[in-house]
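Enquirer: pasted the sequence and its predicted model underneath.
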Amino acid sequence: MSLIEISNVTKQYNGGDEVVEALRGVDIAIEAGEFITIMGQSGSGKSTLLSILGGMNHPTSGEVAMAGVELYRLPGEKLADFRAQNLGFVFQSFHLIPYLTAIENVLLPLAIVKMKGADKNAAAKRALERVGLGNKADRLPNQLSGGEQERVAIARAIVNNPKILLADEPTGNLDSRTSDEVMALFRELNDAGQTVVMVTHNPENCRYSDRSINLRDGLVVGQN
């Protein structure tokens, strides 16, 4: 069984008098340890698909299974627990809290985890070291470059050792050189065994992934 299995997933939104079909029967299987990029123009359904993968957006129909668990058959609290234990999220706009230091931002996902404070701090330090920011743990976000802020966001996403790392346009706000550095970091994490699923509009990013899935009008139109 694949780590992620998406079976005939549809998603419809009611827009007044009309129904918008964001996804129209998507089937995808992703193996543990793969690095997948999801490509598509604006409105193709790629961000909707990622939010469904992240347990944050119930599909209209179809099944989403992760590690053998039917995601949307879990009751709300158990779905939230599954998300916290198995998924890490990286967003385009970083979502760092400006008055918290880098290490304090990385510690946030561990707030609900039963661990000793010292162990939490050690885990956050390790995550920052993995992204090359071990020496900037006490910096505030406004004391970091855009690329460094993105690295903090990645460290926060991996601090709880998630099975799956989901990234939504993580290089969208970065210049090309910094974008390449961040993509190389994702590749490095993947080479160490992390499963990565990334939405991107930049075809250059696909060269870092194992496989690219192309969406158009809510349908998978190609994989390579």
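Expert: Looks like it arrived, so ask away.
Enquirer: where exactly do the helices run in this structure?
Expert: 46-53, 76-86, 102-107, 117-130, 146-158, 176-191 (DSSP state H).
Enquirer: closest to Ile213 out of these?
Expert: helix 46-53 (8.7 Å; Cβ to Cβ). Every C-beta, even on glycine, is put in place using the N, C-alpha and C of the backbone.
Enquirer: now for that closest one, which elements pack on it?
Expert: If you count contacts as 3 or more Cβ pairs under 8 Å, 6 or more residues apart in numbering; DSSP states H and E, helix 46-53 packs onto strand 4-15, strand 18-30, strand 35-39, strand 61-66, strand 164-168, strand 195-199.
Enquirer: which residues are in contact with the fifth one?
Expert: Looking back up the chat, that one is strand 164-168. 3-4, 47, 50, 53-54, 66, 86-92, 157-158, 186, 189, 194-199 (Cβ atoms under 8 Å, 6 or more residues apart in numbering).
Enquirer: that older thread, among the helices of the chain, which is nearest Arg211?
Expert: Closest to Arg211 of those is helix 176-191 (Cβ to Cβ; 11.6 Å).
Enquirer: could you give the angle of the closest one to strand 35-39?
Expert: Helix 176-191 and strand 35-39 are oriented at 140 degrees to each other (axes from the mean of the first three to the mean of the last three Cα atoms, to 10 degrees).
Enquirer: got the buried residues for helix 176-191?
Expert: Thr178, Ser179, Asp180, Glu181, Val182, Met183, Leu185, Phe186, Arg187, Leu189, Asn190 (16 or more other Cβ atoms under 10 Å).
Enquirer: now stretch 212-221
Expert: Ser212, Ile213, Asn214, Leu215, Gly218, Val220.
Enquirer: kindly reformat these as CSV containing distance to Pro203 and pLDDT.
Expert: Below are the buried residues of stretch 212-221 laid out as CSV (distance: Cβ to Cβ, whole Å; pLDDT from 0 to 100):
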residue, distance to Pro203, pLDDT
Ser212, 8, 96
Ile213, 13, 96
Asn214, 10, 95
Leu215, 14, 95
Gly218, 20, 94
Val220, 17, 94
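Enquirer: let me know the closest of the residues you listed to Tyr13.
Expert: The closest of these, once distances to Tyr13 are taken by Cβ to Cβ, is Gly218, at 11.1 Å.
Enquirer: contact partners for His219?
Expert: Rather than His, residue 219 is Leu. Leu219 touches Arg24, Gly25, Val26, Gly45, counting by Cβ under 8 Å, 6+ apart.
Enquirer: same check, this time on Arg216
Expert: Gly40, Gln41, Ser44.
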